[in-house]
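[1] requesting a structural model of the entry that follows:
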Amino acid sequence: MTAVLPSSAFRAAFRRHPAGVVVITTDSEHGPVGFTATSLTSVSAEPPLVSFGISTTSSSWPHVREAHSVVVHFLGAHQEELARRFATSGLDRFATPTRWRRLAGGEPVLDDVAGWLRAEVESLIPVGDHHLVLARVVDTVLHEDTGPLLYHDGRYHTI
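    Numbers count the residues shown, from 1 in each chain. Next comes the predicted model:
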């Protein structure tokens, strides 16, 4: 029989693993939604694929489930406030002071981020209490190189 690791031990282990911070946005024709994530992974260069996880209990999940595309925003070291805003439930994350606009396809894109990827959703894979979103990158904009915003041990950090 396989031993079962308590979820608290699993979370404690990953609190020790530093991760880059991104904000993922979409609009499945119900208004813009977005959330902060640390689960972004580069999956393949040919074709260019990324993945990220989203909890099925997240308020953003129903929108991501219906979305055809997403925008992944790389946050710079100075954007902890933006990361916190998109990690906070129960508020309009796109209200002032958030600065954003729409791309030609209607996707919400945040202003003043270190860069972003626009990706078309290829598949949603149920995995435990999350879904793994696999998406093909179709466009990217990178701005001036800035230090990244990182998350480690329950706090934001910079290099």
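[2] for the closest residue to T26 other than its chain neighbours, give me the pLDDT.
    For T26, the nearest residue in space outside its immediate sequence neighbours is A67; the separation is 4.1 Å by Cβ to Cβ, 6 or more residues apart in numbering. Yep, even glycine has a C-beta here, placed from its N, CA and C like the rest. Note for A67: predicted pLDDT of 96.
[3] contacting residues for A67?
    Counting by Cβ atoms under 8 Å, 6 or more residues apart in numbering, A67 touches 26-28, 121.
[4] do the same with R85
    Taking Cβ under 8 Å, 6+ apart, one finds 91, 93, 98 in contact with R85.
[5] hmm, L82 and the last one touching each other?
    Same thing as T98. Yes: with contacts counted by Cβ atoms under 8 Å, T98 reaches L82, the gap being 7.3 Å.
[6] how near is R102 to P62?
    20 Å (Cβ to Cβ, to the nearest Å).
[7] and the helix or strand that contains V138, what's buried?
    Following DSSP states H and E, one finds V138 within strand 130-142. For strand 130-142, a neighbour-count test (16 or more other Cβ atoms under 10 Å) marks 130-137 as buried.
[8] again with stretch 114-126
    Using 16+ other Cβ under 10 Å, the residues of stretch 114-126 that count as buried are 114-119, 121, 124.
[9] what residues does that stretch touch?
    Applying Cβ under 8 Å, 6+ apart, the contact partners of stretch 114-126 are 49-50, 64-65, 67-76, 79, 103, 105, 107, 109-110, 131-143, 145-146, 148.
[10] same thing but 7 Å
    Contact partners of stretch 114-126, identified using Cβ atoms under 7 Å, 6 or more residues apart in numbering, comprise 50, 65, 67-76, 103, 107, 109, 131-143, 146.
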